[in-house]
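Student: Whatever this is, show me its structure:
(chains A, B, C and D)
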Number of protein chains: 2
Amino acid sequence: MAVGIKDLAREAGLSVATVSKALNEYADVSEETRQRVREIARLLNYQPNITARGLQSRRTSMVGLVIPTVEPHLSDDPYFLDLLAGIADEAAEHEFALLLTRCAPGPKERTCYQKIVRGRRVDGLIVVRTRSQDQRVAYLLEEGFPFVTFGRTDQGLDFPFVDVDGTQGVYDATRYLIGLGHRRIGFIAAPEGLMFGFHRQEGFRKAMEEAGLAMEPGLLARGDLTLQSGDVAMGQLLDKDPPPTAVVACNDLMALGAMRAAQKRGLWVGRDLAVVGFDDTHVAAHSRPSLTTVSQPIYDIGILLCRMLLQTLQGKPLEVRQILLRPALVIRESSGGTIS
Amino acid sequence: MAVGIKDLAREAGLSVATVSKALNEYADVSEETRQRVREIARLLNYQPNITARGLQSRRTSMVGLVIPTVEPHLSDDPYFLDLLAGIADEAAEHEFALLLTRCAPGPKERTCYQKIVRGRRVDGLIVVRTRSQDQRVAYLLEEGFPFVTFGRTDQGLDFPFVDVDGTQGVYDATRYLIGLGHRRIGFIAAPEGLMFGFHRQEGFRKAMEEAGLAMEPGLLARGDLTLQSGDVAMGQLLDKDPPPTAVVACNDLMALGAMRAAQKRGLWVGRDLAVVGFDDTHVAAHSRPSLTTVSQPIYDIGILLCRMLLQTLQGKPLEVRQILLRPALVIRESSGGTIS
DNA sequence: TCTTGACCCGAAAACGATTTCGGAGTATAA
DNA sequence: TTATACTCCGAAATCGTTTTCGGGTCAAGA
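Tutor: Below is the predicted model of the structure:
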């Protein structure tokens, strides 16, 4: 059933060595035999056994990605899919495949990475959603295993990454709100430890500080990135007296939850209250009101990540090891116009 | 750097054979040596080389999935991510990983599958978004390669699948609209050839026929599953005279597009016009108006698919080879109430 | 005629694990 | 004491490729 290189050799009356070399563009094979071998391979529909090749060449032609979400459903990050698409597309471009696993942050995570790294399951890894002290990054550096990350960390380590400047993004968004006349602005933060959450919150702090606006602890709520948690957090903010006139959420889903909470209380988002998100998820453009948010080119980031990883796998040093992209504020209805 | 089984053997003063057997629960190894080998493996942090093991055992411990979307962004199917999550979770449960690729339908598709199948890149495949005459299914059957599909086909072949009864789903939805008093109901179909699109359209036809309502060709539009195409299709439907009072779209994204088109014309969806989708994507619940749609347990389907595949890989025959799930109509705002 | 080098090809050794098969040692039964 | 069985271990084959290294052939040049 399965046709191996031996079958080709027998068919062609050659040795397996010659067949292998003919197929792999070696110089010491005559053009004639090369053609003949190719033809036979085509006829017999030969495809080299990837596993055997991998064992010999010590390469798997796979890049790995471990999705670090807690809950089973990945739905808290609709943009993950675009990231995957970008990575998979770029990988396919270079005859690589993507190995996908899921493992929640925690003690089992190290074991998961060890299996992949020491077991040589893939040639390189893409690490996403970096954390402040990220043991994954530390481990991979320690092992000398090739990887790139989406996001920076806070541990003074040097490694290749792509990141979006969340600080700048939220800074822009917050300044925009301030420019509209808002003074009491709330913030719905991400769980602690997540690097992107920290950066985004920094952007908020910076903008408020520059404007001479106090960051009241009461106007800071924290969610877990889900829509429901955004709803709850917004409830807390609106219970303050006086409540904020604008709210910045750390991601789109929480912003949508926040809008829902406001609407349940009879508030008209975009008029009575401004809401801004982050990610520019597909839902953002089609919610009602449509969501003002900060946009990042997530598909292209996937491409970029994969390209960087593949390049290091080829032994070529990267011209730019660390990339920080500037996101763009997308103004829609939820932030309303100037307030009185 | 990389510690192999030879290192363990040297360290333990045993042969590689014995070490291997000790680690793999063979009976002809004394309990004492087994413990000692285990301990050394733990200390040296040994992880067997997956590739080498795969070559010998002829198994990769991977299941494959080729995403068949045309455009680079996978965003036309937000629910894909949940499917992936289900598959990846169930795979991880059994120490399997998921190999992800992307390949648009077309001539290159066969090559893509050949690489995977003949190259033995994975142990089994999950095929999604089946088509009427699906060459992927035909090919895999022909090769005798293990697989399961999400969706049926129309070629009289016998293979294991999980599917959602789209006919029933749309039938229920259409009957609901008819019950509300609608008589002129439009349908936004999927591209031809897609099996799920056909089934859903069948449900529409059946419901209309049963109610004695003519299916005017003018009230049938076709999109490509994207939001934009739903917008365009709805434009065509609203240009009819008289226009439909209700529209069923083949998926949520087109339904959202349809709503947008209606709203651009000043129509109030849920009052002037009813719109129904299919999938119960996350956006459905949070659009304005929220979308009445047909819900399918996509994450659980992923689990189910993977479980079926893994079971056949273990050589155990499936008790149920073909599963047809009944979806549920979720009534929200976009379908409005009774019309006069 | 002999040497040299270019050109092709094949034998065999990897790669790192699993698995088969036989053998040594010891205990038990005859 | 001998035969038998049982326990435990290791040598070697194996999986399907790639890659090294040496050898054979033939033509051109000395």
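
Student: what residue ranges in chain A are flagged as low confidence?
Tutor: A:1, A:72-78, A:338-340 (pLDDT under 70).

Student: Where do the strands of it begin and end?
Tutor: A:62-67, A:97-102, A:124-128, A:147-150, A:161-164, A:185-189, A:220-222, A:246-249, A:274-276, A:293-295, A:322-325, A:328-330 (DSSP state E).

Student: tell me which strands and helices the fifth one is in contact with?
Tutor: Packed against strand A:161-164, as judged by 3 or more C-beta pairs under 8 Å, 6 or more residues apart in numbering or on different chains; DSSP states H and E, are the following elements: strand A:147-150, helix A:298-313, strand A:322-325. C-beta: built from backbone N, CA, C; applies to glycine.

Student: what do you get for the fourth one?
Tutor: Here strand A:147-150 touches strand A:124-128, helix A:135-143, strand A:161-164, helix A:298-313, going by 3+ C-beta pairs under 8 Å, 6+ apart.

Student: among those, which is nearest residue A:194?
Tutor: Taking C-beta to C-beta, strand A:124-128 is the member of the helices and strands packed on strand A:147-150 nearest to residue A:194, at 11.2 Å.

Student: Up against DNA strand D, what does chain A have?
Tutor: For chain A, the contact set with DNA strand D under C-beta under 7 Å from any atom of the strand comprises A:2, A:4-6, A:16-17, A:20-21, A:23-24, A:28, A:46, A:48-49, A:52-53, A:55-57.

Student: Restricted to helices, list these.
Tutor: A:5, A:6, A:16, A:17, A:20, A:21, A:23, A:52, A:53, A:55, A:56, A:57 (DSSP state H).

Student: now these: which count as buried?
Tutor: If you count burial by 16 or more other C-beta atoms under 10 Å in any protein chain shown, the buried members of those come out as A:5, A:20, A:21, A:23, A:52, A:53, A:55.

Student: Tell me which two of those residues sit farthest apart.
Tutor: Taking every pair in those and measuring C-beta to C-beta, the maximum separation is 18.3 Å, between A:21 and A:55.

Student: so residue A:94 sits right up against residue A:310, yeah?
Tutor: Yes - if you go by C-beta atoms under 8 Å, residue A:94 and residue A:310 touch, sitting 5.3 Å apart.

Student: give the contact list for the nearest residue to residue A:146 once chain neighbours are set aside.
Tutor: Leaving out its chain neighbours, the residue that sits closest to residue A:146 by C-beta to C-beta, 6 or more residues apart in numbering or on different chains is residue A:124, at 3.9 Å. By C-beta atoms under 8 Å, 6 or more residues apart in numbering or on different chains, residue A:124 lies in contact with A:63, A:64, A:145, A:146, A:147, A:148, A:309, A:310, A:312, A:313.

Student: quick one, what contacts the residue lying farthest from the centre of chain A?
Tutor: Distance from the C-alpha centroid of chain A peaks at residue A:13, with 50.8 Å (C-alpha atoms, centre = their mean). For residue A:13, no contacting residues are found, by C-beta under 8 Å, 6+ apart.

Student: what's the straight distance from one end of stretch A:310-323 to the other?
Tutor: Counting by C-alpha to C-alpha, to the nearest Å, you get 16 Å between the two ends of stretch A:310-323.

Student: cool, stretch A:22-33 as well?
Tutor: End-to-end distance of stretch A:22-33 (C-alpha to C-alpha): 7 Å.

Student: Contacts made by it with the rest, please.
Tutor: A:12, A:14, A:18, A:21, A:34, A:37, A:38, A:41, A:48.

Student: from the residues of chain A next to DNA strand D, which are also near DNA strand C?
Tutor: The overlap between the residues of chain A next to DNA strand D and the neighbours of DNA strand C (C-beta under 7 Å from any atom of the strand) comes to A:16, A:17, A:21, A:28, A:52, A:55, A:56.

Student: Out of those, flag the one nearest to residue A:130.
Tutor: Nearest to residue A:130 among these, with distances taken as C-beta to C-beta, is residue A:55, at 32.8 Å.

Student: any idea how far residue A:307 is from the residue nearest to residue A:146?
Tutor: 12 Å (C-beta to C-beta, to the nearest Å).

Student: How many neighbouring residues does the closest residue in space to residue A:191 that isn't next to it in sequence have?
Tutor: Spatial nearest neighbour of residue A:191, excluding adjacent residues (C-beta to C-beta, 6+ apart): residue A:224 at 5.5 Å. Neighbourhood size, residue A:224 [other C-beta atoms under 10 Å in any protein chain shown]: 16.

Student: I'd assumed residue A:192 was in contact with residue A:224.
Tutor: No - using C-beta under 8 Å, residue A:224 is not in contact with residue A:192, being 10.6 Å away.

Student: The nearest residue to residue A:263 once chain neighbours are set aside: neighbouring residues, count only.
Tutor: Spatial nearest neighbour of residue A:263, chain neighbours left out: residue A:269 (6.3 Å); criterion: C-beta to C-beta, 6+ apart. If you count neighbours by other C-beta under 10 Å, residue A:269 ends up with 24.

Student: OK, contacts around residue A:269?
Tutor: When contacts are counted by C-beta under 8 Å, 6+ apart, residue A:269 touches A:259, A:262, A:263, A:275, A:289, A:334, A:336.

Student: can you pull the contacts of the last one?
Tutor: Right, the one you point to is residue A:336. So residue A:336 contacts A:180, A:269, A:270, A:271, A:273, A:274 (C-beta under 8 Å, 6+ apart).

Student: and it, how far is that from DNA strand D?
Tutor: Residue A:336 sits 62 Å away from DNA strand D, taking C-beta to the nearest atom of the strand, to the nearest Å as the criterion.

Student: what's the neighbour count on the residue of chain A found nearest chain B?
Tutor: Nearest residue of chain A to chain B: residue A:288, at 2.4 Å (C-beta to the nearest C-beta). Around residue A:288 there are 18 other residues, counting by other C-beta under 10 Å.

Student: Am I right that it is in contact with residue B:288?
Tutor: Yes - with contact defined as C-beta under 8 Å, residue A:288 reaches residue B:288; the gap is 2.4 Å.

Student: residues in contact with residue A:52?
Tutor: Residue A:52 is in contact with residue B:55, counting by C-beta under 8 Å, 6+ apart.

Student: And for residue A:324?
Tutor: Residues in contact with residue A:324 (C-beta under 8 Å, 6+ apart) are A:163, A:164, A:165.

Student: 7 Å instead?
Tutor: Residues near residue A:324 by C-beta atoms under 7 Å, 6 or more residues apart in numbering or on different chains: A:163, A:165.

Student: For residue A:208, find the nearest of the helices and strands packed on strand A:161-164.
Tutor: With C-beta to C-beta, the closest approach to residue A:208 among these belongs to strand A:322-325: 22.5 Å.

Student: Tell me the strands beside the closest one, with direction?
Tutor: Its sheet considered, strand A:322-325 pairs with strand A:161-164 (parallel) by DSSP bridges.

Student: Report the buried residues of the partner strand.
Tutor: A:161, A:162, A:163, A:164.

Student: One more: stretch A:242-258?
Tutor: For stretch A:242-258, a neighbour-count test (16+ other C-beta under 10 Å) marks A:243-258 as buried.

Student: Return the closest of those with respect to DNA strand D.
Tutor: Within the buried residues of stretch A:242-258, proximity to DNA strand D (C-beta to the nearest atom of the strand) peaks at residue A:251, which comes in at 45.3 Å.
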